[in-house]
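Enquirer: Next comes the sequence, and after it the predicted model I'd like to discuss.
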Amino acid sequence: MPGLEKTTLAYRVYNAKSIVDHFDVCAWCTVDQECNEKRLLQKIFNQVIGLKERFSENDIDDDVADKLRRQLFGKRYLIVLDDMWDTALY
């Protein structure tokens, strides 16, 4: 339900010092309405490695899921997926 300030509350928790200090990796990813799985994984991977640049469909790496897994392996991580419209897609 829109307008209940869920994102604002989640963002405050996400940026809280106790949260930042607890996790090795934190990533905040806004999900597009038409987002596909590979594109979402690429967005998450870019957040995890600190890349903030935009990318095109041609830049999406087919091995991004494995690369993301290797980046997160053995670490404590928090990944927030904001503005999801349909959880059945993922």
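Expert: Yes, it's here.

Enquirer: how close does residue 73 get to residue 66?
Expert: From residue 73 across to residue 66, the span is 10 Å (C-beta to C-beta, to the nearest Å). Any C-beta I mention is one placed from the backbone N, CA and C, and that applies to glycine too.

Enquirer: Could you pull out the helices in the chain for me?
Expert: All helices of the chain, identified by DSSP state H, fall at 6-15, 17-22, 37-49, 64-72.

Enquirer: Provide the contact partners of the shortest one at residue level.
Expert: Residues outside helix 17-22 that contact it (C-beta atoms under 8 Å, 6 or more residues apart in numbering) are 13, 26, 76, 78.

Enquirer: Using CSV, list the CA coordinates for it.
Expert: What follows is helix 17-22, C-alpha atoms only, in CSV (Å, rounded to 0.1, in the frame of the first residue of the first chain):
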residue,chain,number,x,y,z
LYS,A,17,25.0,3.0,12.8
SER,A,18,24.2,-0.3,14.5
ILE,A,19,23.1,-1.7,11.2
VAL,A,20,26.0,-0.3,9.2
ASP,A,21,28.5,-1.6,11.8
HIS,A,22,26.9,-5.1,12.0
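
Enquirer: Could you pull up the residues touching the closest residue in space to residue 27 that isn't next to it in sequence?
Expert: Spatial nearest neighbour of residue 27, chain neighbours left out: residue 47 (3.6 Å); criterion: C-beta to C-beta, 6 or more residues apart in numbering. Applying C-beta under 8 Å, 6+ apart, we find residue 47 in contact with 27, 28, 29, 79.

Enquirer: So what's the predicted local confidence for residue 47?
Expert: Residue 47 carries a pLDDT score of 90 in this model.
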